[in-house]
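**Student:** predicted model, plus sequence, below.
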Amino acid sequence: MNEPCLSRRRALFSGSALVLGVTAAAIATSQANAQEKLGQADAQYQMTPKDDQHCGVCSNFRPPNGCQFVQGDINPNGWCQLFTPKS
């Protein structure tokens, strides 16, 4: 019986693909850790708007009560120093 041979090229390619997959997973994990959210006090979050600026019209707001950068429940009528108007 002839057993299929694993060519050197195929073995190298398979090993490289495994290394690339592990490396990609490590990078994704480190990026997730680097994107930790700020505490509300650090962001100078307040429950009231600042003039016409409020979380409900901020590009960082995630309905119904979240923020891309600030921890905890966020009031759509609140405000913080990271306010960025939606374009």
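**Tutor:** The structure has been received and is ready for your questions. Numbers count the residues shown, from 1 in each chain.

**Student:** so where's the protein uncertain?
**Tutor:** 1-34 (pLDDT under 70).

**Student:** which stretches of the protein form strands?
**Tutor:** Here the chain has its strands, by DSSP state E, at 61-62, 66-67.

**Student:** out of those, nearest to residue 36?
**Tutor:** strand 66-67 (12.9 Å; Cβ to Cβ). Every C-beta, even on glycine, is put in place using the N, C-alpha and C of the backbone.

**Student:** what helices and strands are in contact with the closest one?
**Tutor:** Counting contacts by 3 or more Cβ pairs under 8 Å, 6 or more residues apart in numbering; DSSP states H and E, there are no secondary-structure elements packed against strand 66-67.

**Student:** list the contacts of that strand.
**Tutor:** With Cβ atoms under 8 Å, 6 or more residues apart in numbering as the test, strand 66-67 has contacts from 37, 55, 58, 60-61, 73-74, 80, 82.

**Student:** one step back: most neighbours per residue, which of the strands of the chain?
**Tutor:** Between the strands of the chain, the one whose residues have the most neighbours on average, counting mean count of other Cβ atoms under 10 Å, is strand 66-67 (a mean of 18).

**Student:** re earlier: select only the buried ones of the contacts of strand 66-67 in ChimeraX?
**Tutor:** Selection command for ChimeraX covering only the buried members of the contacts of strand 66-67, criterion 16 or more other Cβ atoms under 10 Å:
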select :55,58,60,61,74,80,82
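
**Student:** the nearest residue to residue 76 once chain neighbours are set aside and residue 36, how far apart?
**Tutor:** Leaving aside its chain neighbours, residue 76 sits nearest to residue 56 (3.7 Å; criterion: Cβ to Cβ, 6 or more residues apart in numbering). Distance of residue 56 to residue 36, given as Cβ to Cβ, to the nearest Å: 24 Å.
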